[in-house]
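Visitor: Sequence first, then the predicted structure, then my questions.
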Amino acid sequence: MRLDRLRNFALGLRQTTVVKQWGECLVFKVAGKMFLILALDGGTIDGVVFKCTPDEFDELVETDGIAQAPYCAKRMWARVSDLDALPEKELHARIRRSYDLVVAKLPTKIQATLGKAE
């Protein structure tokens, strides 16, 4: 099941935690900072939200099935509503990139505790 693969991928990133928030959303965090949201409808994925740079955002939203994530910083968070819009390998790369962007904004002392992420 794709949900299990995405959840396992995200949880495989160093010191990642997951909490259920905002109803049926799984929110993945590193050092308490969000880097991924899996919006669920029952046991299926209704949307995947991840952080990106403004340039990446502009490129992503040109693809059908990808738009600005509601309630998130403009041009910094993308929402994939159609999972066919990105191949799974690319989605994993985007999730990893989101994790890296969030880690880069953490205080140096916290970054040092994370070491080199897998």
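Guide: Right, received. Where do you want to start?
Visitor: which residues does the spatially most central residue of the chain contact?
Guide: The geometric centre of the chain, computed from its C-alpha atoms, lies nearest to Leu36 (Cα atoms, centre = their mean), at 2.7 Å. Residues near Leu36 by Cβ atoms under 8 Å, 6 or more residues apart in numbering: 10, 27-28, 48-50, 95, 98-99. Using the backbone N, CA and C atoms, a C-beta is placed for each residue, glycine as well.
Visitor: what about 6 Å?
Guide: 10, 28, 50, 95, 98 (Cβ atoms under 6 Å, 6 or more residues apart in numbering).
Visitor: Point out the ones among those residues that are inside strands.
Guide: 28, 50 (DSSP state E).
Visitor: and the contacts of Leu36 as JSON lines, adding pLDDT, distance to Asp64 and neighbour count?
Guide: Shown next, in JSON lines, are the contacts of Leu36 (pLDDT from 0 to 100; distance: Cβ to Cβ, whole Å; neighbours: other Cβ atoms under 10 Å):
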{"residue": "Ala10", "pLDDT": "94", "distance to Asp64": "24", "neighbour count": "24"}
{"residue": "Phe28", "pLDDT": "96", "distance to Asp64": "25", "neighbour count": "24"}
{"residue": "Phe50", "pLDDT": "95", "distance to Asp64": "18", "neighbour count": "28"}
{"residue": "Ile95", "pLDDT": "96", "distance to Asp64": "20", "neighbour count": "21"}
{"residue": "Ser98", "pLDDT": "96", "distance to Asp64": "21", "neighbour count": "27"}
